[in-house]
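Engineer: Next come a sequence and a model predicted from it.
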Amino acid sequence: MSERVYQWSAAIIVSVISAFSVLPLWYAISSSLVYIQEWNAKGGFILWPDEITLQAYQQMFASTLFTKAMGVTVLRTAMGALLTLAFTVITAYAVSRKKLPGRKVLLLAILITILFGGGLIPTYLVVRDMQLLDSIWALIIPGLVDSWSVLVLKQFFENLPSEVEESAQIDGAGEIQLMWRIMIPMAAPAMAAIGLFTAVGHWNAWFDALIYIDDRKLYPLQLLIRNMFENDREFSIMQNAGAATIIPSISQESLKMALVVYGILPILCVYPFLQKYFTKGMYLGAVKG
Amino acid sequence: MLRRKQWGTVGTLMLAGSIMLAGCSSGDPNNVSPSNAVSPTAGATDAEKTSDKKFAIELIETGWVNTPTDDSDPFKKWIDETFNVDFTLTTIPANDFESKLFTRFSGSNQPDLIFVAGTDRTLFQKLYNQGVLLDDWVPLLDKVPTAAATMSDVAKKYVSQDGKMFALPRQPDANTWSFKIRKDWLDKLSLQIPQTDTELIEVFKQFTFNDPDGNNQADTWGATSAGAGANFSSLSQLENMYGQMGFQVTNNQVDHSILNGTHQKFLDFVKLLQDEKIIDPDWYTQDWEQKKVKLGTDKVGVDQYPGVLLSEYEANTSNTGKAADIWTNLPMPKGTDSGGKLPADAPVSGMLAISANAAKDPEKLERVLQLIEGVTYPNDGYWKIRWGVGITGETMTDLDNGAKFFSETKDSSNYRSNVPGAWDYGTWIATNRDSVLQSTAKEPGAVQEKTFELDNETINAARYQDFESLLTLDPQLLNDVTRLQNEFDIKYVLGNTSDYEAFKAEWLKAGGQQLLDSATEQYKALGYIK
C-alpha cells in the first residue's frame, strides 16, 4: 500500500513539475496562433486560442530574411559541432596518452584557458588578424576546441580498460588506428553528449555574430531574433507586410512568439533522437565493479 | 592496402585544410574596388577621374529595425548610383551599440560614419578623446549647408569640446509628447479637462470607479505607465506639474528638483494614486507594449504620448475612425505656481560623427559630405531614403493643413513590406519637422487631421527654459544618483519609506553634491550664474 501511495505521489509531483517545464513552450506556441483581438481581450495570457490563425507565421516568411538566417544557423551548428567534436576528441586523446612529451604543460595550458579568457578586444584582434571577420568561420574557429570537453574526454579515455589498448597494440595497431577503431567507438556516448552540448551552444549563440559579423547576410537566426526583440517597430511594420487589409491582424507579441517557436523547433526535433546517448554518457564514466 | 589508407588520410587532411583556407575572408571593406575606380570615359582629366572614383562608405547606427536587407535593396542601389559610392548600412541594437563600436575602433576596422540618436554625447566624447573621430566639423560646415542652416548656437555648443565640433547635430524634433486624455470619458462623466493636480486626482478617481466606458465592469484606471521594473517612465513627466525637473538655475544659483521640493511633491502625488488605487496596478512592472494594449482596449484614461496615439488606437480598433473624437490633449496641470509647463526641447535629436580614418582621405571626406548634404531634410534624397518616394513607388499626399500623409498599408510588392530592415536607411536622417503623418489607414481622414492638430498644440505649449542639456556631467556619478533615485522613488510610493530628508542627504553624498558643484562652474562659464 505504501508503495502504491509512493508511486502515485511521485507520479503526481513529476507531472506537475513537467507541466511547469512545458508551460513556457506551450504558451509560446499558443500566443503565436492568435489574433490581436483575442490577445487584447485576454490580456496577453493565452493558453488555448479561441480562434487559430497562422498569420504570424505567414508574415514571418513573407520575406526570405528568416529562412536565410536559419540556413546560416544550421550551417554553423552542423559544421561547428562536427569540427569541434573532431578537434576536441583528437586533443583529448593526445593528452590522455601518458607517454606524451610535455603532457603536464599542455594540460596546464588547457586548464588556464578554462580559468582565464583573453577578453573581448584581444580575441577580436586575433580573429581579425586571422582574416576571419565577416566569415562564417569566425563563428566556428574561435570555439573549435572546448577545454572543458577536452578534460572530460581525457578522463574518459584514461578510464577505458588498458587491456583493450594493449591487445590492440599487440595486434599491430598504431596510435591513430587505436584512436579511430578502439577508443572513439567506446567513447561514443560521451562524444554524443559533448556533440549535443556543442550543437546547442552553436544554435543559441548570437554574441559572436554580433561582434565578428558585419555582413548582415551572415547573421544567424538567434541574432536576428534578439535584434527583433530589442525593436518594437519591426513588428508594427511586419503586421502590414503583404496585407491588403488590416482586419484581422495579429499582435506584436504573436509575431515574437512565432519567432521563438521557429527558433527552438528544429533543436527540439533533434533532441529526442540524441537523448539516449546523452543519458548513457552521463553514467558511463562512473565506477563499475 | 595500408598505402591506400595513408593516401586517404592525407587526402582528407588536405581537403579539410582547403576548406578552412577557403573560409578565410580577405576582403577589406575600405579598399576601393579597382574595377569601379576608373571612369570608362577615355581621355578624362585628372579632376574628372578623381570625381569618378567610387568610395566605400559605411554608416553604423542603432536602427529602428536592425534586420538585414538583401541583394535587391533599392535604397542602397539609389545611394550607390547617386553618390558613386559603395554604401553599407550597419545597424546594431542600442544595448550592443557601444560594445560593437568600441570593438570596431579597437580592431582598426572603423566605420566611416557613426550616428547616435538622442542627446547622449558620452559615447562620442569618449571616442573623440581617443582621437579616432574627425577633429573639427567647423571648417566643413559650408559643405553641409542644409544641416548647418538649422543648427542653433545651443546645438553647436552641445556638440563642441574645447571650441571644436566633434559631431554634426541633427535638428531637434518638434516635441510632440504630451499627456492625452479620453475626452469621451470626460463628457460621459460631465467632467472638465483638469487644470490642477487636485482636479487631476478627481478625474482619475472618476475614471477608475465610475465606469466611464459604460461596460458595467470595473476595468478602467485613470493613469498608467510602463516602468518595466526600472523607473516611473512616462508617469515621471507629471513632475512638471510642480516645477522644472533636474538641474536648473534659480535665483542665480544652481538648483535641482530633488532638493527644492518639486520631486517630493511629485512622489506624494504618485503615492496618492497608488494608495487610492486609481492607477493601473501594473504601471511599474509592465513594458511599453503591454501598456499600449491597455490604451487600445479602453482601459486607461490618461497617458503621455505624441499624436500618433490616434493612429495606433485606430490600428488596434480596426480603423473605425473614432480615435479623433475620443483622445485630446491634457495641458500640464499646475501643482504649484512655478509648475504647469512642458519640459524644454532637446537641443539636438541626434549626432553624426565621421571617423578620423575616413577623414584622412580628402576625396573620400568630400564624398561623405556630399552624401550627408544630399539626404538631409528637405533635400530630395531625404524623401527618397526616409520615405521611399521615388524608390519603392510610395507617395505622399499633401493635406490642406500643410502636413503630408503617408500610408503604411502596403501590398507585398513593396520592398520595405517584405524587408523591413530597409526602414533603417531613414533612421539617421529622420525628423518630424517634415510634417508627415504616418498611418495604417489607406487614406487621410479625421484621425490624421486631429493628430496634426494635437501635435501642433503640444509644439506650441509653454515650456521650461533648457538648462540641463547644456551641462557635461560625470556619467558615472549621474548613473549612481539616478539609480539611487529610482530605488528610493518606488519604495516611497509603495510606503516602504517616508524619510525624504535622508534620501536627499544620501543623494548629495552619492555624487549629487559633486554634480551640483560641476554644474555651478559650467553655468558660470556659460553666463547663467553671475
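Structural biologist: In hand now; what should we look at?
Engineer: Just the pLDDT at A:Gly71, thanks.
Structural biologist: The model reports A:Gly71 with a pLDDT of 92.
Engineer: I'd like the next helix or strand past the strand or helix carrying it.
Structural biologist: In this assignment (DSSP states H and E), A:Gly71 forms part of helix A:65-96. From helix A:65-96 onward toward the C-terminus, using DSSP H and E, the following helix or strand is helix A:103-115.
Engineer: which regions of chain A sit below the pLDDT cut-off?
Structural biologist: Across chain A, residues meeting the criterion (pLDDT under 70) sit at A:231-252, A:277-289.
Engineer: Check the secondary structure at whatever residue of chain B ends up closest to chain A for me.
Structural biologist: Distance from chain A to each residue of chain B (CB to the nearest CB) is smallest for B:Pro68, at 3.1 Å. For glycine as for every other residue, the C-beta is placed from the backbone atoms N, C-alpha and C. Three-state assignment for B:Pro68 (DSSP: H, G, I helix; E, B strand; the rest coil): coil.
Engineer: Name all residues that make contact with the closest residue to it other than its chain neighbours.
Structural biologist: Using CB to CB, 6 or more residues apart in numbering or on different chains and skipping the chain neighbours, the partner closest in space to B:Pro68 is A:Arg216 (3.1 Å). Contact analysis of A:Arg216 by CB atoms under 8 Å, 6 or more residues apart in numbering or on different chains lists B:67-69, B:90, B:421.
Engineer: go on, B:Thr122?
Structural biologist: Applying CB under 8 Å, 6+ apart to B:Thr122 gives the contacts B:Pro475.
Engineer: now it: how far from B:Val116?
Structural biologist: Between B:Thr122 and B:Val116 the distance is 10 Å, computed by CB to CB, to the nearest Å.
Engineer: Same question for B:Leu516.
Structural biologist: Taken as CB to CB, the span from B:Leu516 to B:Val116 is 27 Å.
Engineer: Who has more neighbours out of those two?
Structural biologist: B:Val116 (25 against 17; other CB atoms under 10 Å in any protein chain shown).
Engineer: three-state assignment of that one?
Structural biologist: strand.
Engineer: List the single closest residue to it in space, sequence neighbours excluded.
Structural biologist: Leaving aside its chain neighbours, B:Val116 sits nearest to B:Met351 (5.3 Å; criterion: CB to CB, 6+ apart).
Engineer: does that neighbour belong to a helix or a strand, and which?
Structural biologist: Per DSSP H and E: strand B:350-354 holds B:Met351.
Engineer: roughly how far is that strand from the heart of the chain?
Structural biologist: Centroid separation for strand B:350-354 versus its chain: 14 Å, with CA atoms, centre = their mean, to the nearest Å.
Engineer: same question for whichever helix or strand comes after it, mean pLDDT?
Structural biologist: Downstream of strand B:350-354, the first helix or strand assigned by DSSP H and E is helix B:356-359. The predicted model assigns helix B:356-359 a mean pLDDT of 95.
Engineer: Pull out the buried residues from helix B:356-359.
Structural biologist: Within helix B:356-359, the residues scored as buried using 16 or more other CB atoms under 10 Å in any protein chain shown are B:356-359.
Engineer: Same check on stretch A:145-152?
Structural biologist: Buried residues in stretch A:145-152, counted by 16+ other CB under 10 Å: A:145-147, A:149-152.
Engineer: repeat for stretch A:55-70
Structural biologist: Of the residues in stretch A:55-70, A:55-57, A:59-60, A:62-63, A:65-66, A:68-70 count as buried by neighbour count, 16+ other CB under 10 Å.
Engineer: Quick check: the residue of chain B closest to chain A touching A:Tyr219?
Structural biologist: Yes. Taking contacts as CB atoms under 8 Å, B:Pro68 lies within contact range of A:Tyr219: 5.8 Å.
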